[in-house]
Structures are given as C-alpha cells and as structure tokens.
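**Q** next input, structure requested:
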Amino acid sequence: MEVVVHHPSFKRLGLTPEQLRQQRWFTLFGERLLAPRLWQATPVALSGAMAAGLFTAWVPLPMHSLLAVVLALFFGLNLPLALLAVWFNNPATLPFMYLVAYETGCRLLGITPEHFHLIWSVRWFEQEAGRLLPPFLTGSLLLGLISALLGYLITLCAVRVWRYWIAR
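**A** The predicted structure is shown next:
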C-alpha cells in the first residue's frame, strides 16, 4: 500500500508510516494506520484531529494515545496531529489539569471542593472514589468538550489563514 504523506513536517517528527510500523501497539491496528485518509492535511481532518487529541487528553484513563488512534480511525482524522495533541496532557500538566477538572466538577455539581491527600493505593481509591470521582469525571468531560471545541475552531481558522497566506 502506497501512503502519501501530505506534509513534510510529519516525517521530521518521526510520524512516518515506517516509524508507526515499529511501534508495539501497531499490531493492534495493523495496516489500517497507513490509510491515506489518516495522513491527509485537509482543514477538517486537521481540526478534527486537534479536537480528538485535546478531548482525549482530558479523559482520566491511561493510554491516551491509544484512544486518539481509535478516534482518528473512526472519524478519518489526521493521525499524526491527533497523537501530538494528546500530549497537552503530559507529566508537567497532568496534576494541574486534574485539579482543575475536580474543582470545575465541584462547581457544576454544587459541591464544596475538599482537600485530600492522594495515595496511590487500591485501598485509598476504594475509600475516596465515591466522593471524588463524580466531580472529577464531570469536570473532565466538560473541560474535554470545551477544549475540543476551541481546538477545532482555532485549528480550522489557522489552517484557513495559512492556506490564504500561501495562496497570495
């Protein structure tokens, strides 16, 4: 299968079909990841990829990149940008994102935010999940939707401005 990568910067980022084939998780999706529609640089494919990546970044589950790949496959979005946008959630931003998600959820649900000390254990999770998860998940969902919408609109405008600028 011949894959046409429409933008040379994807190759510089190491997001070529050859690089993907070397990833362990590639075996889950196989050659479907090399479909030309996942590598196109249309305004909708790029904007949708940004939205999918940013939404996925707020999902409080591990393996954000895997979820971004699934969304890109399902909706035919630009795979490299979806994977890059996920990194909005990274070790430096994660604690702040999740704290903001918890506080946002508390405000939406009319709950007073409580101070808590996070301990990475099953016992702690069992004791605190009922109290902390509803506002945290609510805030994560809302912030994910808002980030996705803003990311979509900003990327769409940026692509259109870029294309207009190039065409001049």
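**Q** in this structure, where is pLDDT below threshold?
**A** 1-17, 20, 25-26 (pLDDT under 70).
**Q** wait, what's in contact with the residue sitting nearest the centre point of it?
**A** Taking CA atoms, centre = their mean, the centroid of the chain lies closest to residue 53, which sits 2.2 Å from it. Listed by CB atoms under 8 Å, 6 or more residues apart in numbering, the contact set of residue 53 reads 68, 81, 82, 83, 84, 85, 86, 87, 88, 151. The way it works is simple: take the backbone N, C-alpha and C, and place the C-beta from them, glycine included.
**Q** now residue 144
**A** 54, 55, 56, 57, 58, 59.
**Q** one more time with 6 Å, if that's ok
**A** By CB atoms under 6 Å, 6 or more residues apart in numbering, residue 144 lies in contact with 55, 58.
**Q** surely residue 58 and residue 143 touch.
**A** Yes. Between residue 58 and residue 143 there is a contact under CB atoms under 6 Å: 5.2 Å.
**Q** helices of this structure, residue ranges please.
**A** With DSSP state H as the criterion, the chain has helices at 8-12, 17-21, 26-29, 43-58, 64-75, 79-86, 94-109, 122-167.
**Q** can I get those in a markdown table including distance to residue 115?
**A** Formatted as a markdown table, those follow (distance: least, CB to CB, whole Å):
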| stretch | distance to residue 115 |
| --- | --- |
| helix 8-12 | 44 |
| helix 17-21 | 44 |
| helix 26-29 | 40 |
| helix 43-58 | 23 |
| helix 64-75 | 27 |
| helix 79-86 | 30 |
| helix 94-109 | 11 |
| helix 122-167 | 11 |
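**Q** quick one: closest of the ones you listed to residue 116.
**A** With CB to CB as the criterion, residue 116 lies closest to helix 122-167 of the helices of the chain, at 6.5 Å.
**Q** going through the contacts of residue 53, which ones are buried?
**A** Among those, those buried by neighbour count (16 or more other CB atoms under 10 Å) are 68, 81, 82, 83, 84, 85, 86, 88, 151.
**Q** re the thing from before, contacts only, for the residue nearest to the residue nearest to the centre of the chain when sequence neighbours are not counted.
**A** Once flanking residues are discounted, residue 53 sits nearest to residue 85: 2.3 Å by CB to CB, 6 or more residues apart in numbering. By CB under 6 Å, 6+ apart, the residues touching residue 85 are 50, 53, 54.
**Q** try 7 Å this time
**A** By CB atoms under 7 Å, 6 or more residues apart in numbering, the contact set of residue 85 is 49, 50, 53, 54, 151.
**Q** test my guess that the second one contacts residue 80.
**A** No. Under the contact definition of CB atoms under 7 Å, residue 50 does not touch residue 80, with a separation of 11.2 Å.
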